[in-house]
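Q: this one's sequence-less:
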């Protein structure tokens, strides 16, 4: 039986947000009426950044509110989109007169509600642009996002890179078009693959969302516990990591001389020793192909509750992107 | 059965260190001959800081090497002290001419090996001081560390505060005596309490180190899975957090008007939502007693492999301590 450190399951999200606000009052404010996480000190005269979506992926998105990243996070319930009205309020709150970029992971409900909110913002004379994050290679059917024939790829851990890069561009004074372009460049080129040794357990439940045999690993799992593309045999960290990295390299067409930003992301239940061992293999595999890993982020950033697993995200990197990546950031979950 | 993302269990520590070095080459270097983690760019003309101990507590200590914190980390095998020779090499490597502070968690093997290393360093004309971190209130028998009658309290998560404060003091140009004094002030006044819903699992094992019933929680558990002071009934996050906070407040004699630094630390298997919910309760409980939480750190910093549990550390805070806490830091695991 899986037990959790929670109180009322229905209040887990709001209590966690309260905890974050109480812990980092110099960084974030929690508006309980509008259900928004805002910067403690609102930015002035820059393009606003708003993101959000279902909760259960902590520290995403609330943990990325602060200087150099988001202005506003709009949290829904666990794995449920925030309402259009809530996103609307968040979009307006992110505006300081230069327009707002909405960063949206590609899920039907999120896209719908952010779209409505963007239209409503126009009624308030707030310009908006939306960037769709759809990095999950496991859901690439060859149709979808780009041509409108299907739901397209899901959005997962690449959203951290999109928020960081767009945040830096906005902080440097970019226009809404410039910030949106920078975000779209990252989103368009990012791909992620994930695997799980154990599914996450919903607050209030005592069993993981799905069962895996002692010899099974879910490859291509989604951050809501969506089933993956395959069940593979449990194997060493090196072999499992290779199952993630190889299709990413192939899909992105990375060849000798390429440079990437890599995110090795824990899905909630993976512990630091495991993530570092996986990161080692990511470097070995890419190094053997002559691909430079220009920057690496290793940690727990986009979770699926307490899912035991990890994802690898690769983003082709050029000097412009690295400069924005290296720019200062100060949020509860990412700082340098 | 508990499975892990590892390769050869015997190589897990060194592979994780390789992974950290490959991921953050601008921050840390891994000397595989001497088994040391060093700053990528050694500091000059400041008091050196060396810490270390058994592994399995990642990101401690290697993750805290960098500007504003440690100069050198000396990792042992999982839950096993590094050798005296290894600590000796680490102590010498930390020296840039102004002496070295050794930060040691209170475990017999670590204390012995750091003591020998300190004596050997003297033979090389390197001045050393040692600060002992012994914050684990669950192991307070009323005798021990101070009077030499017993092993004294164990060292756990307060070591993060000691390393941060001493690191900042050293960076500001403090003498060895000044840096050691700052470290000892933190160490002397810090107390930690921990609990676990599930023990950690050693790499290569398929079961946790000890079993807990579905209704049991280990209170006062150690970071090597040492048994605690009590098995209590599983309860809400609020109730469990109160079991940690109340004895800390009592032991430290905190009363209305006091100010503290709080660390809400995941032991490896706790996920971010849980830690934020626990942090909320820490603030509520202290707030109700009129105690100000001047700073909070919430995250996974001192683990016991994948143990599912958390600890709360309280450190009485004055403006001098907060200034050092707020000073810049740039390491793989802690940055601002």
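A: It's in. What you are looking at is a predicted structure, and each value in this text was computed from that prediction instead of being measured.
Q: only C-alpha atoms for contact and neighbour calcs from this point on.
A: Noted.
Q: spell out which parts of the stretch 1-150 of chain A neighbour chain B.
A: For the stretch 1-150 of chain A, the contact set with chain B under Cα under 8 Å from any Cα of the partner chain comprises A:1, A:3-7, A:12-13, A:15-20, A:22-24, A:56, A:58-59.
Q: again, only this time at 10 Å
A: Proximity of the stretch 1-150 of chain A to chain B, by Cα under 10 Å from any Cα of the partner chain, involves residues A:1-8, A:11-26, A:55-60.
Q: buried ones among those residues?
A: A:2-7, A:12-25, A:55-60 (16 or more other Cα atoms under 10 Å in any protein chain shown).
Q: restricted to helices, list those residues.
A: A:12, A:13, A:14, A:15, A:16, A:17, A:18, A:19, A:20, A:21, A:22, A:23 (DSSP state H).
Q: dump the residues you listed to a markdown table, plus distance to residue B:292.
A: Listed next are those as a markdown table, based on distance: Cα to Cα, whole Å:
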| residue | distance to residue B:292 |
| --- | --- |
| A:12 | 24 |
| A:13 | 24 |
| A:14 | 22 |
| A:15 | 20 |
| A:16 | 20 |
| A:17 | 19 |
| A:18 | 16 |
| A:19 | 15 |
| A:20 | 16 |
| A:21 | 15 |
| A:22 | 11 |
| A:23 | 11 |
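Q: and the pLDDT at the nearest residue to residue A:140 once chain neighbours are set aside?
A: Once flanking residues are discounted, residue A:140 sits nearest to residue A:153: 5.2 Å by Cα to Cα, 6 or more residues apart in numbering or on different chains. Residue A:153 carries a pLDDT value of 96.
Q: please apply the same query to residue A:2.
A: Reported pLDDT at residue A:2 in the predicted model: 86.
Q: ok, residue A:148 next?
A: Listed pLDDT for residue A:148 reads 57.
Q: if we can go back for a sec, which members of the ones in helices among the buried ones among the residues of the stretch 1-150 of chain A next to chain B are the farthest-apart pair?
A: The span of those, defined through Cα to Cα, is set by A:12 and A:23 at 16.2 Å.
Q: for residue A:87, phi and psi?
A: For residue A:87, the backbone dihedrals (degrees, to the nearest 10) come out as phi -70, psi -40.
Q: now the closest residue to chain B within the stretch 1-150 of chain A: closest residue in space that isn't a chain neighbour?
A: Proximity of the stretch 1-150 of chain A to chain B (Cα to the nearest Cα) peaks at residue A:19, 3.8 Å away. Nearest residue to residue A:19, sequence neighbours excluded (Cα to Cα, 6+ apart): residue B:280, at 3.8 Å.
Q: count the residues that sit near the nearest residue to residue A:99 once chain neighbours are set aside.
A: Excluding its sequence neighbours, the residue lying closest to residue A:99 (Cα to Cα, 6+ apart) is residue A:127, at 4.6 Å. Neighbour count of residue A:127, defined by other Cα atoms under 10 Å in any protein chain shown: 20.
Q: contact partners for residue A:127?
A: Residues near residue A:127 by Cα atoms under 10 Å, 6 or more residues apart in numbering or on different chains: A:47, A:91-92, A:95, A:97-101, A:118-119, A:121, A:176.
Q: quick one, strands of the stretch 51-200 of chain A?
A: Remark: strands assigned in the stretch 51-200 of chain A by DSSP state E, counting those that start in this stretch are A:72-78, A:100-105, A:128-133, A:191-198.
Q: quick one: mean pLDDT for the second one?
A: For strand A:100-105, the mean pLDDT works out to 98.
Q: equivalent analysis for the third one, please.
A: Taken as a whole, strand A:128-133 carries a mean pLDDT of 98.
Q: who does it touch, helix- and strand-wise?
A: Contact analysis of strand A:128-133 by 3 or more Cα pairs under 10 Å, 6 or more residues apart in numbering or on different chains; DSSP states H and E lists strand A:48-55, strand A:100-105, helix A:108-123, helix A:158-171, helix A:176-189 as its packing neighbours.
Q: redo that, cut-off 8 Å
A: Counting contacts by 3 or more Cα pairs under 8 Å, 6 or more residues apart in numbering or on different chains; DSSP states H and E, strand A:128-133 packs against strand A:100-105, helix A:108-123, helix A:158-171, helix A:176-189.
Q: over to the second one?
A: Packing partners of strand A:100-105 (3+ Cα pairs under 8 Å, 6+ apart): strand A:48-55, helix A:84-94, helix A:108-123, strand A:128-133, helix A:158-171, helix A:176-189.
Q: who does that strand pair up with?
A: Its sheet considered, strand A:100-105 pairs with strand A:48-55 (parallel), strand A:128-133 (parallel) by DSSP bridges.
Q: closest to residue A:170 out of these?
A: Across the strands paired with strand A:100-105, residue A:170 has its closest neighbour in strand A:48-55 (7.4 Å, Cα to Cα).
Q: quick one, the closest one and helix A:12-23 angle?
A: Comparing the axes of strand A:48-55 and helix A:12-23 via axes from the mean of the first three to the mean of the last three Cα atoms, to 10 degrees yields an angle of 140 degrees.
Q: hang on, the earlier thing: put the buried members of the contacts of residue A:127 into a PyMOL selection.
A: Here is the PyMOL command that selects the buried residues among the contacts of residue A:127 (16+ other Cα under 10 Å):
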select buried, chain A and resi 47+91+92+95+98+99+100+101+118+121+176
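Q: can you tell me which of the strands paired with strand A:100-105 is most buried?
A: Greatest average neighbour count among these goes to strand A:48-55 (a mean of 29), per mean count of other Cα atoms under 10 Å in any protein chain shown.
Q: what does it contact?
A: The set of residues external to strand A:48-55 that reach it, using Cα atoms under 8 Å, 6 or more residues apart in numbering or on different chains, is A:13, A:61, A:69-82, A:87, A:90-91, A:94-96, A:98-105, A:110, A:166-167, A:170.
Q: and that strand, how far out from the chain middle?
A: How far strand A:48-55 lies from its chain's middle: 10 Å, per Cα atoms, centre = their mean, to the nearest Å.
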